[in-house]
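In: next one to model:
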Amino acid sequence: MNDPAMKTRCPWALGSPEETHYHDTEWGVPLHDEHTLFELLTLEGAQAGLSWQTVLKKREGYRKAFAGFSPEAVAAFTAADVDQLVGNPAIIRHRKKIESTISNARAFMETAAAHGSFVQYVWGFVDGTPINNSWTDTSQVPPHSPLAATLSKDLKKRGFTFVGPTTMYAFMQAIGMVNDHLVSCFRHNEIKHAKR
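Out: You can find the predicted model right below:
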């Protein structure tokens, strides 16, 4: 089973090479890096109403446009930067989502300062331990959860936008707070038993 083509994957990962690569290397892996947390928070918010494939194809464009996802740099963006970004075809040119990324960078830094780091803040919602689910079929995977709703509410209170419960559940899946790989997927056990 060393041939990647022969491995069983979650069905959503089969739509494109980008999705397969993301599924195999990132999705569900517990993440404890501030910049990457900000990146995935931004990308999940950008996805609202769109496909994940669309977002992944523009990921490099986002990295260049948003200073490598440095919250400190993005927090300093101005209205002129927003106007320029709205014209950038390398990203999703949605003014509210662009403005949200900048205001979220400021809220991200404030939250990190209040809790020692954003890592400590967000992982505190699961006491630092990923939730390992045991779904056998895609239809069992929920679009959101009570915990995602709690996280969403707390983020909104802190000034974040584009952080609804469904977006936050996707974020929790992406950063490995929740392991929602199907039990038949080769990544399920790899992530479940990986050493921190």
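
In: mind checking the end-to-end distance for stretch 113-127?
Out: 19 Å (CA to CA, to the nearest Å).

In: just the pLDDT at residue 5, thanks.
Out: Confidence at residue 5, expressed as pLDDT, is 66.

In: do the one 4 residues further on as well
Out: At residue 9 the predicted local distance difference test score is 97.

In: and for residue 124?
Out: We have a pLDDT of 98 for residue 124.

In: that one: how many residues sit nearby?
Out: Neighbours of residue 124 under the rule other CB atoms under 10 Å: 11. The way it works is simple: take the backbone N, C-alpha and C, and place the C-beta from them, glycine included.

In: what sits closest to residue 145 if chain neighbours are left out?
Out: Nearest non-adjacent residue to residue 145, counting by CB to CB, 6 or more residues apart in numbering: residue 169, 5.6 Å away.

In: by contact count, what packs against the helix or strand residue 122 falls within?
Out: Using DSSP states H and E, residue 122 falls within helix 118-123. Secondary-structure packing of helix 118-123 (3 or more CB pairs under 8 Å, 6 or more residues apart in numbering; DSSP states H and E): helix 34-47, helix 95-115.

In: quick one, phi/psi of the residue nearest to residue 145?
Out: Phi and psi for residue 169, reported as degrees, to the nearest 10, are phi -70, psi -40.

In: repeat for residue 179
Out: Torsion angles, degrees, to the nearest 10, at residue 179: phi -100, psi 100.

In: now residue 88
Out: phi -90, psi 110.

In: what pLDDT is listed against it?
Out: Note for residue 88: predicted pLDDT of 98.

In: which residues sit in contact with the nearest residue to it once chain neighbours are set aside?
Out: Using CB to CB, 6+ apart and skipping residues adjacent in sequence, the residue nearest residue 88 is residue 65, 5.5 Å away. Neighbouring residues of residue 65 by CB atoms under 8 Å, 6 or more residues apart in numbering: 85, 88, 90-91.

In: which of the residues in the helix or strand hosting residue 24 are buried?
Out: Using DSSP H and E, residue 24 maps to helix 17-25. For helix 17-25, the neighbour count (16 or more other CB atoms under 10 Å) marks 18-20, 22-24 as buried.

In: of the residues you listed, which pair is most distant in space?
Out: 18 and 24 (11.0 Å; CB to CB).
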